[in-house]
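# how does the following fold in three dimensions:
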Amino acid sequence: MASFLFAFGFLFPNSLGTEIVSNMTNAAGAAASLQSTFWYGHQFITDGNPYDVAQVTFRGARNAGQTLTGFIYSDSSDSPGSSIGTLDGSGVTSTVGTQTLSPMGTISLAASTKYWLVLVPSDVNFTLWSQTADLNNAGVGTIPNRLATSNNMGSSWNAQTNGSFNLMFSVDGSLTPVELQSVSIE
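Residues are numbered from 1 along each chain as shown. Just a heads-up that it's a prediction; the model follows:
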């Protein structure tokens, strides 16, 4: 009788990255205005795979002299829960367009799970986050028509389904390495 031993290790299924969700190619409409005391968040849902966030983009701008920080929040009963990671917005410009936020450390997303992208300006001057009336999205996950606002710097949230627009953003990531197990077949 022959015996076979399969070794364990790690499988890196997609090192080039995956567009988890995006509505950035949709037509832009009006813009939501954020302040340091008035935050916006938008929900997104991963597909059946785990990911590490590679970058986040949004359509919008910041006021000159202002900084912007992004966060990925967990979900708590269809509202933002708590921050699971910070996104560096130091490269965000004051010209309306595609802006890039980079993870400040590893931000891991579980499979088939709801999350929130939250944007926070540094002061009371406005930051703009563009909206789209086109509720379709690209990517392997989904962007539900669910946004949240907080007027007390994230202490509590007013989350709602809004039938007329979504905030414009994308989340890109790489599949989390899958650990392979050893199996002996005799």
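
# now do the buried residues in the longest strand along the chain.
The single longest strand within the chain, with elements called by DSSP state E, is strand 51-62. Neighbour counts using 16 or more other Cβ atoms under 10 Å place Tyr51, Asp52, Val53, Ala54, Val56, Thr57, Phe58, Arg59, Gly60, Ala61, Arg62 of strand 51-62 among the buried residues. Glycine gets a C-beta too; all of them are placed from N, C-alpha and C.

# next helix or strand past that strand?
For strand 51-62, the following helix or strand on the C-terminal side (DSSP states H and E) is strand 68-75.

# may I have the strands that pair with that next one, each with its orientation?
strand 80-88 (antiparallel), strand 114-121 (antiparallel) (DSSP bridges).

# how close does Phe169 sit to Gly65?
As defined by Cβ to Cβ, to the nearest Å, Phe169 lies at a distance of 24 Å from Gly65.

# er, Ile143 actually
31 Å.

# the two - which one has more neighbours?
Ile143 (26 against 9; other Cβ atoms under 10 Å).

# where's the closest residue to that one other than its chain neighbours relative to Gln131, distance?
Spatially, and ignoring its direct neighbours in sequence, Ile143 is nearest to Asn137 (4.2 Å; Cβ to Cβ, 6 or more residues apart in numbering). Separation of Asn137 from Gln131 (Cβ to Cβ) stands at 14 Å.

# what do those two both touch?
Common contacts of Asn137 and Gln131 (Cβ atoms under 8 Å, 6 or more residues apart in numbering): Asn166.

# Gly81: what's it in contact with?
Tyr73, Ser74, Asp75, Trp116.

# redo those residues as CSV? Include pLDDT.
Formatted as CSV, the contacts of Gly81 follow (pLDDT from 0 to 100):
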residue, pLDDT
Tyr73, 98
Ser74, 98
Asp75, 98
Trp116, 98
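
# could you work out the end-to-end span of stretch 74-93 for me?
Using Cα to Cα, to the nearest Å, one end of stretch 74-93 lies 27 Å from the other.

# meant to ask about stretch 97-117
The straight-line separation of the ends of stretch 97-117 (Cα to Cα) is 18 Å.

# list the buried residues of it.
Gln99, Thr100, Leu101, Pro103, Ile107, Leu109, Lys114, Tyr115, Trp116, Leu117.

# picking up where we left off before, just checking: what are the partner strands of the longest strand of the chain?
Strand 51-62 is paired, per DSSP bridges, with strand 97-103 (antiparallel), strand 108-109 (antiparallel), strand 127-132 (antiparallel), strand 169-175 (antiparallel).
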